[in-house]
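In: sequence plus predicted model, see below.
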Amino acid sequence: MGKLIRKLTPLAGVLAFLLVWEIAVPLFKMPAYLLPPPSAIVLTFIDEFPKLAFHGWVTLYEMLLGYALAVVIAIPLAIAITSSERFDRFTMPTLLFFQVVPKVAIAPLFLVWFGVGALPKVLVAFLISFFPIVIDAAVGLRTMSAEMRDLARSMGASRWQVFAQFRLPTSLPYLFSGLKVAATLAGAGAVVGEFVGADKGLGYLLL
């Protein structure tokens, strides 16, 4: 019974929020263009579902492609950064530069260079989601204690075995945390790219 209550509690919270929202809109006489009630949103969603499904698929495609590109590049880069102090010093200033540059400022350049197709949105999604993955993966790969490393080497473990059986498993909580954050940011990046210039997608539809 307690397990069922724990599972239903988040759902109850969401339903309570929607109920308060539904009651508050007519109570405070909020105009529909400013804050429509949830029931009106659901009806509009049903009426406009084909259009939303098409544009949603476009944004999902751009988000997943940018996210996959970030994963494929960020994880090997994090491994290289943590394996070589010289490579770390060589690459980190450049990574920090691209992180602090606003991605909204770069998106128009991608639009000029690559047109209004999917590529600029994929690149914006990639840039926004790349940094959390590489930083969290690097932090995780560095968390293996010196005692564990010395123990592995004393048992005759090769450098690859130390990485595969000690460093990588230790880094997984940090890596999955970065992947979770990056997944959200990739969606935001795709929509931001569509805001700047697109002929389809949820950002285009919102405009």
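Out: Done, it's in. Residues are numbered from 1 along each chain as shown.

In: after the one helix or strand in the chain whose mean pLDDT sits lowest, next one along is what?
Out: In the chain, no helix or strand scores lower on mean pLDDT, DSSP states H and E than helix 146-154, which sits at a mean of 70. As assigned by DSSP states H and E, the chain's next helix or strand after helix 146-154 is helix 159-162.

In: next SSE downstream of that following helix?
Out: Towards the C-terminus, the helix or strand next in line after helix 159-162, according to DSSP H and E, is helix 168-196.

In: next secondary structure after that next one?
Out: That would be, after helix 168-196 and using DSSP H and E, helix 202-206.

In: distance from the chain centre to that following helix, please.
Out: A distance of 19 Å separates the centroid of the chain from that of helix 202-206, by CA atoms, centre = their mean, to the nearest Å.

In: where does the residue lying closest to A188 once chain neighbours are set aside sit, in terms of helix or strand?
Out: Leaving aside its sequence neighbours, A188 sits nearest to I128 (CB to CB, 6 or more residues apart in numbering; 6.5 Å). C-beta coordinates here come from the backbone N, C-alpha and C atoms, glycine included. I128 belongs to helix 118-141 when assigned by DSSP H and E.

In: what residues of that helix count as buried?
Out: 118-141 (16 or more other CB atoms under 10 Å).

In: average pLDDT across it?
Out: The predicted model gives helix 118-141 an average pLDDT of 87.

In: and for stretch 159-178?
Out: For stretch 159-178, mean pLDDT is 80.

In: before we move on, the earlier item: surely the residue nearest to A188 meets A183?
Out: No: counting by CB atoms under 8 Å, A183 is not a contact partner of I128; they are 10.9 Å apart.

In: next secondary structure after the strand or helix carrying L60?
Out: Using DSSP H and E, L60 maps to helix 49-83. Remark: after helix 49-83, the chain's next helix or strand is helix 85-100, criterion DSSP H and E.

In: report all helices and strands that that next one contacts.
Out: Using 3 or more CB pairs under 8 Å, 6 or more residues apart in numbering; DSSP states H and E, the elements in contact with helix 85-100 are helix 49-83, helix 118-141.

In: make JSON lines out of the ones you listed and add distance to L19.
Out: Below are the helices and strands packed on helix 85-100 laid out as JSON lines (distance: least, CB to CB, whole Å):
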{"stretch": "helix 49-83", "distance to L19": "24"}
{"stretch": "helix 118-141", "distance to L19": "35"}
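
In: for F98, which of those is the nearest?
Out: helix 118-141 (6.8 Å; CB to CB).

In: packing partners of that closest one?
Out: By 3+ CB pairs under 8 Å, 6+ apart, helix 118-141 packs against helix 49-83, helix 85-100, helix 103-114, helix 168-196.

In: count of neighbours near A164?
Out: 12 (other CB atoms under 10 Å).

In: same check on L205?
Out: L205 has 18 neighbours, counted by other CB under 10 Å.

In: now it: how far from W21?
Out: Applying CB to CB, to the nearest Å, the value for L205 to W21 is 23 Å.

In: ditto for P36
Out: From P36 across to W21, the span is 10 Å (CB to CB).

In: sorry, back to before: single out the most deeply packed of the helices and strands packed on helix 118-141.
Out: helix 168-196 (a mean of 20; mean count of other CB atoms under 10 Å).

In: if anything else comes up later, I'll come back, but that's it for now.
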